[in-house]
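In: I'd like to go over a predicted model; first the sequence, then the structure.
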Amino acid sequence: MRKVKLGIIGIGNMGSVHLQELWNNTNPDIEVTAVADINPDRIEWAKGALAKAKEAHPEYDIPDLAYFSDASEMLKSGLIEAVLVAVPHYDHPHYAIEAFKCGLHVMCEKPAGVYTMQVKEMIAEADKHPELKFGMMFNQRTNCLYRKMKEIIESGEIGEIKRTSWIITNWYRPQAYYDSGAWRATWSGEGGGVLLNQAPHNLDLWQWICGMPCKIDAKLHMGKWHDIEVEDDVTAYVEYPNGATGTFITTTGDAPGANRFEIVCDGGTLVCEDDKLILKKLDKFESVFTKENTVPFGNIKCTTTVVETDGLNPQHKGVRAAFAGAILRNEPLVADGREGINGLTISNAMHLSTWTGKPVELPFDEQQYKDMLMERVKTSRRKVATSSVVSDLSGTYNS
């Protein structure tokens, strides 16, 4: 059986998770043949971890790895046909673009990038190579609850969306988390806080299921609950093209926090909470009832049910399996990499709304956003020089 020969750029937190899961044969049609990391300690870790994996699973015939301190050398080595990009946020587009130019399929960790202008460059390069697969690691799209929500909304069963609300505050992080790395929660290292690190999955799901808003008014608090320079508390109000409204609330400062996603439609309401999906279905669409009803305090009958799903939630394994299937058999991806710009557009607009002190209409002034971000990078109290940030500040993109 032919396997996809995969290289991983960055074997930090997420890169090492992917590596170890693949060594555990979670995706038998993928084999990791090379890894790259600028940190020698991570290379040494990979060597030791590989030896342990081979000893623990001799039945899997785990291949040896080629190790690179320079990702560009790995991309040009001829040892891989696909790459998983798991580096700091600013460099996601940088390495994706370079990989496409080397004729490699790309799977990119979230977020797609830090600002939409650089992500558009990545998408433009991907479009030059239609023969190559481009995926985004939006593993939450594999969750049966969210897949079912999308199915119900798209079916029209409960009509047009009137209101959306997501309270996603169970991203609690103590100060020690932020103190664990100089790049964490800095404008120069991550390009933002909870919106760029913890909540990209939620922003993606929000737009994937409900569609993109057209106007955003946000209040972001920088370092409200922690000693950090970026946002750790967010409240946003949005408007949709059809007149619907929505709210998005997130933070890393609430304990234990909550996760409640509600979509109110003309014919009922969906509530996803506590690992259950509840459908409150009206006997008649509200827009019809309000015109026909003659009783001042009339109400619509409603039936409440727990929605059945297929129960499947393969997460990273599912995204990787689809990526391999796309390469080997032209099967669909869980999330096309080009869709990564959508959630980022929302978070960029939230930042811009706070920085300018007024609502932001989509599409927004992307150059204004980048300029305001780079001003914050210049004054970031923890300097982290990733290649993309350095090139942005010098006005030159180094591909």
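Out: Cool, the structure landed.
In: quick one: secondary structure of residue 347?
Out: What DSSP: H, G, I helix; E, B strand; the rest coil gives for residue 347 is helix.
In: scratch that, residue 270
Out: Look at residue 270: counting by three-state DSSP, its state is strand.
In: what is it paired to in the beta sheet?
Out: Taking DSSP bridges, one finds residue 263, residue 279 as the beta-bridge partners of residue 270.
In: quick one: it and residue 248, what's the gap?
Out: Going from residue 270 to residue 248 by C-beta to C-beta, to the nearest Å gives 16 Å. Every C-beta, even on glycine, is put in place using the N, C-alpha and C of the backbone.
In: Ok, residue 280 next?
Out: Counting by C-beta to C-beta, the gap between residue 280 and residue 248 amounts to 21 Å.
In: out of the two, which sits in the busier spot?
Out: It is residue 248, of residue 280 and residue 248, that has more neighbours when counted by other C-beta atoms under 10 Å, with 26 against 17.
In: did I read that right, that one in a helix?
Out: No. Residue 248: not assigned to a helix; according to three-state DSSP it is strand.
In: Surely it touches residue 194?
Out: No. Using C-beta atoms under 8 Å, residue 248 is not in contact with residue 194, being 11.1 Å away.
In: residues shared between the contacts of the two?
Out: When contacts are counted by C-beta atoms under 8 Å, 6 or more residues apart in numbering, residue 248 and residue 194 have residue 234 as shared neighbours.
In: Kindly export stretch 241-252 (C-alpha atoms) in PDB.
Out: The C-alpha coordinates for stretch 241-252 follow below in PDB (Å, rounded to 0.1, in the frame of the first residue of the first chain):
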ATOM      1  CA  PRO A 241     -26.100  40.200   5.600                       C
ATOM      2  CA  ASN A 242     -29.700  38.900   6.200                       C
ATOM      3  CA  GLY A 243     -30.200  41.100   9.200                       C
ATOM      4  CA  ALA A 244     -29.400  38.500  11.800                       C
ATOM      5  CA  THR A 245     -27.200  39.400  14.800                       C
ATOM      6  CA  GLY A 246     -24.700  37.500  16.900                       C
ATOM      7  CA  THR A 247     -22.400  37.600  19.900                       C
ATOM      8  CA  PHE A 248     -19.100  36.000  20.600                       C
ATOM      9  CA  ILE A 249     -17.700  35.900  24.100                       C
ATOM     10  CA  THR A 250     -14.400  34.300  25.000                       C
ATOM     11  CA  THR A 251     -11.600  34.600  27.600                       C
ATOM     12  CA  THR A 252      -8.800  32.700  29.200                       C
END
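In: So what's the residue count around residue 373?
Out: Residue 373 has 22 nearby residues by other C-beta under 10 Å.
In: so who does the residue lying closest to residue 43 once chain neighbours are set aside touch?
Out: Nearest residue to residue 43, sequence neighbours excluded (C-beta to C-beta, 6 or more residues apart in numbering): residue 67, at 5.1 Å. The neighbours of residue 67, taking C-beta under 8 Å, 6+ apart as the test, are 34-36, 43, 46-47.
In: name the element residue 67 belongs to?
Out: Counting by DSSP states H and E, the element that carries residue 67 is strand 66-68.
In: picking that back up, filter the contacts of residue 67 down to the buried ones, PyMOL style.
Out: Under the burial definition 16 or more other C-beta atoms under 10 Å, those of these that qualify are selected in PyMOL by:
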select buried, resi 34+35+36+43+46
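In: Could you tell me which of the contacts of residue 67 belong to strands?
Out: Taking DSSP state E as the definition of strands, the contacts of residue 67 contribute 34-36.
In: export these to CSV and tack on pLDDT and distance to residue 26?
Out: Listed next are the ones in strands among the contacts of residue 67 as CSV, based on pLDDT from 0 to 100; distance: C-beta to C-beta, whole Å:
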residue, pLDDT, distance to residue 26
34, 98, 19
35, 98, 17
36, 98, 21
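In: okay if I get these as TSV plus distance to residue 236?
Out: TSV is the format used below for those (distance: C-beta to C-beta, whole Å):
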residue	distance to residue 236
34	41
35	38
36	37
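In: For the stretch 251-399 of the chain, just list every one of the strands.
Out: Along the stretch 251-399 of the chain, the stretches classed as strands by DSSP state E, counting those that start in this stretch are 259-265, 268-273, 276-282, 302-306, 360-361.
In: Kindly present these as a markdown table, with separate columns for mean pLDDT.
Out: Output for these, formatted as a markdown table (pLDDT from 0 to 100):
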| stretch | mean pLDDT |
| --- | --- |
| strand 259-265 | 98 |
| strand 268-273 | 98 |
| strand 276-282 | 98 |
| strand 302-306 | 98 |
| strand 360-361 | 98 |
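In: Let me have those in a markdown table, extended by distance to residue 215.
Out: Formatted as a markdown table, the strands of the stretch 251-399 of the chain follow (distance: least, C-beta to C-beta, whole Å):
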| stretch | distance to residue 215 |
| --- | --- |
| strand 259-265 | 18 |
| strand 268-273 | 23 |
| strand 276-282 | 28 |
| strand 302-306 | 30 |
| strand 360-361 | 5 |
